[in-house]
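Participant: Show me how the following folds:
(4 chains)
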Number of protein chains: 4
Amino acid sequence: MALVRLPTITHHETRFELRIGLLTGGGDCPGLNAAIRAVVKQGMGEYGHTIIGFRNGWKGVVDGDIIPLGRQDIRNVLPVGGTLLGTARFHPHASDGGIDAVLATVEAERLDAMICIGGDGTLHAASKVADAGVNIVAIPKTIDNDVEGTDLSIGFHTAVNIATEAIDRVHTTAESHNRVMVVEVMGRHAGWIAVNAGIAGGAEVVLAPEDPFDMDAIEKFLRHRHRAHANFSIVVVAEGAVPREGSSMNFTQELGKYGEIIAGSIGERVSAEIAKRTGFDTRLTVLGHVQRGGEPTPTDRILGSRFGVAAVDAVSRGESKVMTALRGESVVLVPLDEIAGKVKHVPAELLRVAHALS
Amino acid sequence: MALVRLPTITHHETRFELRIGLLTGGGDCPGLNAAIRAVVKQGMGEYGHTIIGFRNGWKGVVDGDIIPLGRQDIRNVLPVGGTLLGTARFHPHASDGGIDAVLATVEAERLDAMICIGGDGTLHAASKVADAGVNIVAIPKTIDNDVEGTDLSIGFHTAVNIATEAIDRVHTTAESHNRVMVVEVMGRHAGWIAVNAGIAGGAEVVLAPEDPFDMDAIEKFLRHRHRAHANFSIVVVAEGAVPREGSSMNFTQELGKYGEIIAGSIGERVSAEIAKRTGFDTRLTVLGHVQRGGEPTPTDRILGSRFGVAAVDAVSRGESKVMTALRGESVVLVPLDEIAGKVKHVPAELLRVAHALS
Amino acid sequence: MALVRLPTITHHETRFELRIGLLTGGGDCPGLNAAIRAVVKQGMGEYGHTIIGFRNGWKGVVDGDIIPLGRQDIRNVLPVGGTLLGTARFHPHASDGGIDAVLATVEAERLDAMICIGGDGTLHAASKVADAGVNIVAIPKTIDNDVEGTDLSIGFHTAVNIATEAIDRVHTTAESHNRVMVVEVMGRHAGWIAVNAGIAGGAEVVLAPEDPFDMDAIEKFLRHRHRAHANFSIVVVAEGAVPREGSSMNFTQELGKYGEIIAGSIGERVSAEIAKRTGFDTRLTVLGHVQRGGEPTPTDRILGSRFGVAAVDAVSRGESKVMTALRGESVVLVPLDEIAGKVKHVPAELLRVAHALS
Amino acid sequence: MALVRLPTITHHETRFELRIGLLTGGGDCPGLNAAIRAVVKQGMGEYGHTIIGFRNGWKGVVDGDIIPLGRQDIRNVLPVGGTLLGTARFHPHASDGGIDAVLATVEAERLDAMICIGGDGTLHAASKVADAGVNIVAIPKTIDNDVEGTDLSIGFHTAVNIATEAIDRVHTTAESHNRVMVVEVMGRHAGWIAVNAGIAGGAEVVLAPEDPFDMDAIEKFLRHRHRAHANFSIVVVAEGAVPREGSSMNFTQELGKYGEIIAGSIGERVSAEIAKRTGFDTRLTVLGHVQRGGEPTPTDRILGSRFGVAAVDAVSRGESKVMTALRGESVVLVPLDEIAGKVKHVPAELLRVAHALS
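Facilitator: Purely as a prediction, here's the structure:
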């Protein structure tokens, strides 16, 4: 994959003022405000740009719904979760005349470029808008961490911390009551939260979409463990975990309009199945919304800050249709075309550690 | 209520060695280990007593299932949630020959006294065992904080902290997505967690068993609020909250064998009702088991420590059928008879603060 | 002590609008914003009062330096430490014409009453201002918790949490390196933080002003402990701890203009003395400013909220020269005259627990 | 740099049992126990190896001071800071006959290989011991994060979190009291903690060894800021920060036997200088030991776990004189020769973000 490295800019030879539109799209998560703050501070302070915020993601661009963004508006937002711009799951390319409405707003507001912060849907929309002729730089966020091309997306790190804390908490109850505690965490297409929080929380079983599970093997493992040297177990389940094909466990789920699971979550099924097969006292905890809210970890604040600065630098250099990305210790730019339609999966080494330490 | 104040003992004139049984019963919670540690340290260090631990609450007493408790066993347990003794929801007085089995173990182990740490059920059992002739001192624990006669029971303070953190977290999502977030917390008979975490988290609506709610009024309040000056709301619901009689909302719940709610929790009902009536995007988070696990707050560590020391002092003085209790800044003893069958409710002043600040 | 119990007010028969001045004085601490928010919400929402904020404590009253306080100004401040009003260590009664300047501002702003949030100095000033004819209700705050007449003052609970977390942290280093770790915490006249955090953190030695220490006994205890069953120790020292008279350790400190210790803190002395006498590897950590900042615990948010509501209720009923106070589970009012010049000390029972569990 | 990528091992063709020595050296930090636990679990569970622990780092190897390491010994240590093996700052190559004593122990204990977890000194010792013929794999830990060749070393991430929390806390005091708060953090040779915590905490000024500072420029910046739009500032100083040559500020420090600063820390100097030059109320907080203790973050637990598994895999394959390292999302091995004597500095991009957002 070709990478465009950010040069280390210390002195700017040219200084030109742009009008830059800024939005946050998709589900909210901690660290978005750090990125917004960095875009405003770097844009105004380093380049003299004007930053125009749109309310509620692409919806606000389509509707021309603007929030003024000056130094005063970003005071004290660094440790605050959510997004001061508001957000919505709305995709201009999926609605009639959506892209045209975006272009109309870009013209009306005389925008030279846009910076959009979001996940899959928002990045896809960014591609389409770029194709329609708008200079655009994207910043990836998703607590699922499944955006291709970057080690980390905004929000993931905080989600892992919250999930780990929850596992730590149910751990003491599991041990005190001789129970199997099943904890369902987010992760529709990839098991990043489950695997990381599972390792950090010392879970005995971790179920991730990358590695379809075998209910018979789990039953056998739990029976052996409880017979041999422990009277409790923690099972962490990503919401997108699936039983191995031909497995002795079958199930179906009821999905809502955004693809969210309405009934019969995998956590419920796994929990019921373990209770039925082993007879162990088994309880389920579904973490839900707490995973995506509240104070961002320092890592998410730093990531948002770096991505915000890099995005402003990129639009100032005329880059477009690229995404900021973390690679090891560096922030780089990645062409949106190279990541489109891809899901970043948990690597085998990490899955192996989760299993080895169970 | 007659209170027996603890004298400040600095020098012991007499030194006699007792054999003291110790157990933790009912649901586990943070702070139990602090109490266990204090009983062992104070019992061994100050008086030269021998402490005999029973595994899994009254069940272990009935079965004669013993854990040795020396200085080594309580190392580093102060900040650890749960109970190193294990616990179970088992009541000797509710099972045939249970009390006799307890007396047999007391005799077999030559126990001079017992200290039992638990909630309603355990305290009731303690009363029955005391009536059968065993010297017994109880220490109250319940995350619901509804034990009469004491300002605080072990575990409650940590539960409020966890619930508040969860409300803080969903707050940012509520605000970013213009949602109503319903958070269901524990509290079957009293709304202590809901009211305290609701105030601390700045919830707009707090529903507690003490104050049956009016769905029409809630609908009206939320509509007014969202029209007037905000686009989101937090609703905290104690699991034991109930609609006002004659209310336009009716519901039934399916209960399990321990009285736990299996389906149709009040949180689900309230959430569905708000969504149906207002059309606002409404989401439910049920905190569940995380409320009773993990690292105890300093307050619960201190409370457990003080209660443990006071309980040892009490049995050493020959007290029996009393419970350690916090009253303002003092630890006192309360006769078990005075608290039997009572539920401590949230006072009107606190309910009023919850409503006033919404 | 005569207590004026707050009646439970549910319906107000009379509704009259007051102009109420509000200030925060003395050192800042977590929970002040909760109290400010409660005064504004309860004052405006329940009674229709107007709240006039003064910047930087009594200094702002003397200077007529006003901050407008409406619903918008208190949004999202509940979990934020410090005070949005600013604060200063300035006492009108200690400066020439100070009280007259206060009266002039009260008249210029047509204030019907004042609510002032502060510690010793601010409470004393409130008394003087009340004597000069101004209706005034005080809310106690001090991380030292040494204000007489109330179980808790705003800020103390958060300070104990921070100090406990620090003790937890140095604990692992002490154990890994076989060290004596000395932790100096705040507490000039009373050892509330030291004793509570010492118990919660499992400190081996706790030194508080209430109980002058004997360096010989400490040396003996540490030597015995390290020889017998441990290779590390935690010593928590309140900044106001003093050696017993006739003790073999003497020391002097250099004090600054606010009485703050500039050089030769007791922590340094104790640390040096232990190292010299025992030869153990001994290290000092002085917690300092982190103890009084940052996010308030739920307990401090609730306390601030209750005190704020109670203070508004009190001024609305015409009460004056009283302080809101927590007594057990109740919020009450205490005459300022009854607490003047007193320091609330750690009770013997709590000191005893700290020593018993070491 | 040549990297030896870890193959993904799923089935082991050969199974052979090794005797592996394990030690932790240098300063303790959070995450060491995660690595120890992983070495034991992976070594015993996957390969059937025997793990022999040495007490207090290389000192224990020289003295033949052994700790038995079985499954029981690593229970519940994952979230616990410090090292259950103990540690010491002792280097066998720096003491007479040290390496010979190591070899003698290796022979006496019939060790096939060693795994050592440590920073600079320990890695250097590992090289020397490897040169003497012992198979050895190293795992890097240092809260300073300045070990070359790896994105992260164990302990750094937790230190950044602690430092950020401290900055968050002094922030509210700075703002409430109109103060300059100077926070001194660890970082002798590189400013990783200062720069990361400075960005995460929103510090106005960050001083790192990589970028000698200009006191005149800082004075000018602070004066401008306090005149223009704020009345407080946070200054984060790495303990190894130095003034620019020819700067108008000169200072010397008194160093102890391990190179630690005994008196006249840079934080004190910078704090005094700012107070003198600007007249602003300026206060210093030196974080000290709390930065290296207590519960590891999930990131440090995961890093320790991955490094532990990778180290066991490496010695099982016969690798020697290599170090486990994180590169982006992968764990790899790096020859010890390639990192010897190098210090990893904060990259220009990160320094720039710290300055841009001030």
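
Participant: For the residue nearest to residue A:147 when sequence neighbours are not counted, pull up the helix or strand it's in.
Facilitator: Leaving aside its chain neighbours, residue A:147 sits nearest to residue A:140 (4.4 Å; criterion: C-beta to C-beta, 6 or more residues apart in numbering or on different chains). C-beta here means a position set from N, CA and C on the backbone, and glycine is covered the same way. Assigned by DSSP states H and E, residue A:140 belongs to strand A:136-140.

Participant: That strand - what's its average pLDDT?
Facilitator: Averaging pLDDT along strand A:136-140 gives 98.

Participant: Quickly run through the sheet partners of it, with directions.
Facilitator: Looking at strand A:136-140 with DSSP bridges, its partner strands are strand A:113-118 (parallel), strand A:322-327 (parallel).

Participant: who in the stretch 251-358 of chain A is up against chain D?
Facilitator: With the criterion set to C-beta under 8 Å from any C-beta of the partner chain, the stretch 251-358 of chain A comes near chain D through A:297-299, A:301-302, A:305-306, A:309-310, A:327-331, A:347-350, A:352-353, A:356-357.

Participant: Could you pick out which of those residues are located in helices?
Facilitator: Residues of these located in helices (DSSP state H): A:298-299, A:301-302, A:305-306, A:309-310, A:348-350, A:352-353, A:356.

Participant: Where does pLDDT dip in the stretch 1-150 of chain A?
Facilitator: For the stretch 1-150 of chain A, applying pLDDT under 70 flags the ranges A:1-16.

Participant: Tell me which residue in it sits closest to chain B.
Facilitator: Taking C-beta to the nearest C-beta as the measure, the point where the stretch 1-150 of chain A comes nearest chain B is residue A:82, at 3.1 Å.

Participant: before we move on, what SS does the closest residue to that residue other than its chain neighbours have?
Facilitator: Nearest non-adjacent residue to residue A:82, counting by C-beta to C-beta, 6+ apart: residue B:172, 3.1 Å away. What DSSP: H, G, I helix; E, B strand; the rest coil gives for residue B:172 is helix.

Participant: I'd like to know which of the ones in helices among the residues of the stretch 251-358 of chain A next to chain D are buried.
Facilitator: With burial judged by 16 or more other C-beta atoms under 10 Å in any protein chain shown, the buried subset of those is A:298-299, A:301-302, A:305-306, A:309-310, A:349-350, A:352-353, A:356.

Participant: Now those in CSV, please, with extra columns for distance to residue D:119 and pLDDT.
Facilitator: As requested, these are exported to CSV (distance: C-beta to C-beta, whole Å; pLDDT from 0 to 100):
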residue, distance to residue D:119, pLDDT
A:298, 22, 98
A:299, 22, 98
A:301, 26, 98
A:302, 23, 98
A:305, 28, 98
A:306, 26, 98
A:309, 31, 98
A:310, 31, 98
A:349, 24, 96
A:350, 25, 97
A:352, 27, 96
A:353, 23, 97
A:356, 26, 91
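
Participant: Of these, which pair is most distant in space?
Facilitator: Pairwise distances across those (C-beta to C-beta) peak at 38.4 Å, for the pair A:309 and A:356.

Participant: residues touching whatever residue of the stretch 251-358 of chain A ends up closest to chain D, list them.
Facilitator: Residue of the stretch 251-358 of chain A nearest chain D, by C-beta to the nearest C-beta: residue A:298 (3.6 Å). When contacts are counted by C-beta atoms under 8 Å, 6 or more residues apart in numbering or on different chains, residue A:298 touches D:160-161, D:164, D:196-197, D:200-201.

Participant: again, only this time at 7 Å
Facilitator: If a contact means C-beta atoms under 7 Å, 6 or more residues apart in numbering or on different chains, then residue A:298 has D:160-161, D:164, D:196-197, D:200 as its contacts.

Participant: Most neighbours out of those, which is it?
Facilitator: Neighbours here mean other C-beta atoms under 10 Å in any protein chain shown. Within the contacts of residue A:298, the largest count is held by residue D:197, at 33 neighbours.

Participant: Pretty sure residue A:295 sits against residue A:81.
Facilitator: Yes. Using C-beta atoms under 7 Å, residue A:295 makes contact with residue A:81 at a distance of 5.9 Å.

Participant: who's more crowded, those two?
Facilitator: More neighbours surround residue A:81 than the other of residue A:295 and residue A:81, with 27 against 21 (other C-beta under 10 Å).

Participant: Might you report the residue contacts of the closest residue to the more buried one other than its chain neighbours?
Facilitator: Once flanking residues are discounted, residue A:81 sits nearest to residue B:172: 3.6 Å by C-beta to C-beta, 6+ apart. Neighbour list for residue B:172: A:28, A:80-82, A:293-294 [criterion: C-beta under 7 Å, 6+ apart].

Participant: Would you list the phi and psi of residue A:346?
Facilitator: phi -70, psi 130 (degrees, to the nearest 10).

Participant: contacting residues around the residue lying closest to the residue of the stretch 251-358 of chain A closest to chain D once chain neighbours are set aside?
Facilitator: Excluding the flanking residues, the one nearest residue A:298 by C-beta to C-beta, 6+ apart is residue D:200, at 3.6 Å. Residue D:200 makes contacts with A:298, A:301-302, D:160, D:164, as judged by C-beta under 7 Å, 6+ apart.

Participant: one more time with 6 Å, if that's ok
Facilitator: Going by C-beta atoms under 6 Å, 6 or more residues apart in numbering or on different chains, residue D:200 touches A:298, A:301-302, D:164.

Participant: Kindly report the same for residue A:311.
Facilitator: Neighbours of residue A:311 in contact, by C-beta under 6 Å, 6+ apart: A:115, A:137, A:139, A:324.

Participant: Next, format those residues as TSV and append neighbour count.
Facilitator: Converted to TSV, the contacts of residue A:311 look like this (neighbours: other C-beta atoms under 10 Å in any protein chain shown):
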residue	neighbour count
A:115	27
A:137	30
A:139	33
A:324	29
